[in-house]
Structure formats: structure tokens, C-alpha cells
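> using only what follows, build the 3D model:
(chains A and B)
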Amino acid sequence: MASMTCRDFHHELDKWMDGERPANAQSHLKSCVHCGALVADLSAIQSEAETWDSLPSEPPERIWTALRTQLESEGLIEDPHPETPEPRSIGWWNDLFAKFPRPVLAGAYLAALVAFAFAMSGTRGNHVKDVKWLDGSTIVSSPLSAQLDSAEVATVASMRQPNSAVAASLHQNLAIVDNYIALCEKSVREEPENEAARDFLYDAYQQKADLLTQMSERGETGQ
Amino acid sequence: MSEAEAIRLAQQGDAAAFERLYRMHNRRVYSLCLRMLNNTAEAEDLTQEAFLQLFRKIATFRGESAFSTWLHRLSVNVVLMKLRKKSGNESSLEEMTEPDEDSGGPRRDFGTSDLRLTGSIDRVNLQRAVDQLPPGYKSVFVLHDVQGYEHNEIADIMDCSIGNSKSQLHKARMRLRELLQEELRDQARKDRRAAADAVGEV
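Model (predicted):
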């Protein structure tokens, strides 16, 4: 076996670092402190470098967002499935209108608007506090729903002329609003995260509260 | 969706295919930019730039080379361009190395130091040393020793010969060793000075 000088080993160094182990190079390393130190140092560098690629280096999502925007602006990408212009959240709203004659709904809405002027001052303030329970799963037994139900019982009982035409009209409007509430609650149950559905439900509760206020006041005045 | 399918659809302008390709390769490209530049903001910018160039040219991709190789070639070029701008010159890749025995520069001896690096190399001081490498050395070192590419792949990515890739890696490693040894010597000098100062105060 031919002996190897430091210069010879230097020429073979890359092969050594790639894992080749010729006998004469092994022999040289056993006898040469300097080349041994060189190999040890380069191996240490290599080992540390290899760990870098395993480091988490997830690029932030904003890169893709910016990239996509740029590609869209340059007309390089086109979405074969563009979002439908009409969001699902208002589908049930259209269903509602399909179920009731428009004049009836308009009457209910107008009644609610009129009642709004007489609304209980505390009711609206309570809406914000009640937001958290509106999660879809507990909606039927929600505090606001229960509060409205008990208010309805009290209001109907307080009416002085329950059989009058006005009272009948108010009852009819109340039934419409109750149906409206039921539809809204159904929508929220089906899509708990849909904020538009929640907003519509709040509006429905608001309408019922306003209507009950109106009924209560009319009952008190005997109108 | 396979890579080949994503490439085909992206060539037709399919948004989902672009995103698929981005998700398949973004970590590798970002990692390359991050190791080369050691600056997250610049790495983000260049990752975006590399993919932008890729998607602009994707219609011309014919599959002569691996898609990842093509992407990495673009990425390395984007990074090298950035480094050239930072250093204020427009030098070629060959010029972005240091003079040595092959080009008539000062001969560097090897294995003459008794300062052992084993046990004293960590991520911080190695990154600091890598930052000081000439861009050409740095590219090959990051591609080979960090990202694990073979020399034939690096030759494709860097558009150079396999021998050139091997040569630059060798020089990069030797230069890193010198830089790390210099840092250790500086540290030892500072420690000695601090100890002497402490004795003087007593």
C-alpha cells in the first residue's frame, strides 16, 4: 500500500467527506494529527449544516396571498370555480319571502317598525349582552327567547279586549313574527357561524319584542 | 393532484394548480433564501419573487429538467442577483469566489491549525461564517451541505459543471473552517484580555 502525504490526502478529502474510505487515506489519518483535525472540523461543520434543513421554516401565508394577488392582477390565473355572487346566507331569507304573501310580511314589518318607537328601553341594551349564548346549539332555550315567550304570555293576558279586530290583527302579526323567528333559528342552527343569519335572528327577536310592546301598550289603553 | 398534473393545469391558468405547486415547494425555496440571506424579510420577498418568475414562465416549462431543479435554478438566480445588488457589483458566479491556488491567488495551507472546532460550532456562529462566504461558495454549500443536493443536481441548478460544483464546495468548507477558527481565536483573545484586566484590577 502506497503511503500518502498530506497533499495527497487533501486531494482525496472530498471523497472522504462523501463517505469513501480508501485504506491509504485511513492509514494517513491515523498518523497525521493535522489532517485528523481537518477532517474532524469539516465533519463538525457538515453535521451542523445538515441540521439546518430540518429547522422549521414555514413561509408566512402572506407570501401566497401577495403572490396570488399579483398573478391575478397580471391575468396569469383564473379561478374555474368563482364564488357565487349570492352567498348562501341569504338563501333562507328568500325562502321566507316565498312562504308568506308579501303584503302580510310587509304588514308585519310595518307593525314592527311602528312598535320600534315604543320599544322597551332595556330590551335593546340587552342584545349585546346576549350575543354569547347565540351559538346555535342552545338557541331554543336562549335567555332572550325564553324572555320573549314569557313576555308574550303576560302581554296576551293583559289585553283588555282580546277579541277585538285590532287584537286579532296583532295576534296575526305575532304569529308571522314567530314563524319568522323559527326560520331564523333554524338557519342559525344549520349555520352557527353565519353572522348574517344571526343578525337576522336578532332582528326577528327585536321585531317580536317591539310587537309585544305595542300589544302591551294597546292593551293598557284599551285600543 | 400530482406535480405533473398541477404543472399541466397551471400552464392553463388554473388557480388551484398554482397554489398546489406553491405548497409543494415553498418550504424548500424559503429555506434556501433564508440560509443564503439570513434575513427573514428578504427571504420572504425573494421567495415571492422566485415563485412569481416561475409562474410567469410556467407555460414555457417542457419538462427537460425536473421541475424542482428548474424552480431552484430560478430561486438561486434571484438570490444571487440580490446578493450582487447588495455588494454593488455585477460580477459573474465565477467571480463571486475568492482567489486561490487554482486562479493564482495566495495558497491556503490546510490542517496546520491546532485549534479544534469540534464542540464549538453552533447554528449561530456557523450562520455568521456562512454569511461571510462569497455568494458562489455560499450557494453550493447551502444546496449541498444544507439541502442535500448532489453535485449533478447543483450543476443543473447553478448552470455549471459538476467539477465546478465540487471545487466550490471544497473551497466553501475550507473557508468556513478558517472563518470559524478566526472567530474562536478572537474569542480566546478577548477572554485572555478580560482575565488580564481582572488580574490588574486586583
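
> any weak-confidence spans in chain A?
Confidence mapping of chain A against pLDDT under 70 gives the ranges A:1-2, A:54-56, A:79-148, A:150, A:155-156, A:158-167, A:195, A:214-223.

> with adjacent residues omitted, what lies nearest to residue B:166?
residue B:151 (5.5 Å; C-beta to C-beta, 6 or more residues apart in numbering or on different chains). In this view, the C-beta of every residue, glycine as well, is placed from N, C-alpha and C.

> from memory the one you found sits against residue B:168, does it?
No - counting by C-beta atoms under 8 Å, residue B:151 stays clear of residue B:168, with 9.8 Å between them.

> any idea where the helices of chain A begin and end?
Secondary structure of chain A (DSSP state H): helices at A:6-17, A:23-31, A:33-52, A:61-73, A:91-99, A:102-116, A:121-129, A:143-158, A:165-190, A:195-221.

> please read the previous query as pertaining to chain B.
Applying DSSP H to chain B gives helices spanning B:3-10, B:15-37, B:40-57, B:67-87, B:123-131, B:135-141, B:151-158, B:162-201.

> pick the most buried one from those helices.
helix B:135-141 (a mean of 26; mean count of other C-beta atoms under 10 Å in any protein chain shown).

> and that one, how far out from the chain middle?
Relative to the chain's own centre, helix B:135-141 is displaced by 5 Å; criterion: C-alpha atoms, centre = their mean, to the nearest Å.

> okay, the helices of chain B in a markdown table with mean pLDDT and distance to residue A:20 next?
Shown next, in a markdown table, are the helices of chain B (pLDDT from 0 to 100; distance: least, C-beta to C-beta, whole Å):
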| stretch | mean pLDDT | distance to residue A:20 |
| --- | --- | --- |
| helix B:3-10 | 89 | 34 |
| helix B:15-37 | 91 | 27 |
| helix B:40-57 | 92 | 35 |
| helix B:67-87 | 87 | 26 |
| helix B:123-131 | 89 | 25 |
| helix B:135-141 | 92 | 20 |
| helix B:151-158 | 91 | 14 |
| helix B:162-201 | 87 | 13 |
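
> ok, which of those comes nearest residue A:212?
helix B:15-37 (51.0 Å; C-beta to C-beta).

> can you give me every residue that contacts residue B:128?
Neighbouring residues of residue B:128 by C-beta atoms under 8 Å, 6 or more residues apart in numbering or on different chains: B:179, B:183.

> thought residue A:40 was touching residue B:121?
No - taking C-beta under 8 Å as the definition, residue A:40 is not a contact partner of residue B:121, at 10.8 Å.

> neighbour count: those two, which is higher?
residue B:121 (22 against 15; other C-beta atoms under 10 Å in any protein chain shown).

> how far away is the more buried one from residue B:150?
Note on residue B:121: its distance to residue B:150, by C-beta to C-beta, to the nearest Å, is 24 Å.

> likewise for residue A:34?
29 Å.

> residue B:3 is in contact with residue B:24, correct?
Yes - between residue B:24 and residue B:3 there is a contact under C-beta under 8 Å: 6.3 Å.

> contacts only, for the residue nearest the centre of chain B.
With distances taken as C-alpha atoms, centre = their mean, the residue of chain B nearest its centroid is residue B:139 (3.1 Å). Contact analysis of residue B:139 by C-beta under 8 Å, 6+ apart lists B:36, B:76, B:79, B:80, B:93, B:158, B:168.

> may I see those organised as a markdown table, with distance to chain A added?
Output for the contacts of residue B:139, formatted as a markdown table (distance: C-beta to the nearest C-beta, whole Å):
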| residue | distance to chain A |
| --- | --- |
| B:36 | 11 |
| B:76 | 16 |
| B:79 | 14 |
| B:80 | 19 |
| B:93 | 20 |
| B:158 | 17 |
| B:168 | 11 |
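
> what's the farthest-apart pair in those?
B:79 and B:168 (15.2 Å).

> verify the contact between residue B:127 and residue B:38 for me.
Yes - between residue B:127 and residue B:38 there is a contact under C-beta under 8 Å: 5.6 Å.

> what sits in contact with each of these two?
Counting by C-beta under 8 Å, 6+ apart, residue B:127 and residue B:38 have no shared contacts at all.

> over to residue B:38: give its phi and psi.
When read as degrees, to the nearest 10, the backbone of residue B:38 gives phi 50, psi 40.

> does it really touch residue B:131, like I thought?
Yes - between residue B:38 and residue B:131 a contact is recorded at 5.3 Å, counting by C-beta under 8 Å.

> let's see stretch B:35-52 as CSV, backbone CA atoms only.
Only the C-alpha atoms of stretch B:35-52 are listed here, as CSV (Å, rounded to 0.1, in the frame of the first residue of the first chain):
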residue,chain,number,x,y,z
ARG,B,35,-30.0,30.3,4.7
MET,B,36,-28.5,32.3,1.9
LEU,B,37,-29.6,35.7,3.2
ASN,B,38,-30.0,35.1,6.9
ASN,B,39,-32.8,37.7,6.9
THR,B,40,-36.5,36.7,7.1
ALA,B,41,-37.9,39.8,5.4
GLU,B,42,-35.6,39.4,2.4
ALA,B,43,-36.1,35.7,2.3
GLU,B,44,-39.9,36.3,2.1
ASP,B,45,-39.5,38.9,-0.6
LEU,B,46,-37.3,36.6,-2.7
THR,B,47,-39.5,33.5,-2.2
GLN,B,48,-42.3,35.5,-3.6
GLU,B,49,-40.1,36.8,-6.4
ALA,B,50,-38.9,33.3,-7.3
PHE,B,51,-42.4,31.9,-7.5
LEU,B,52,-43.6,34.9,-9.4
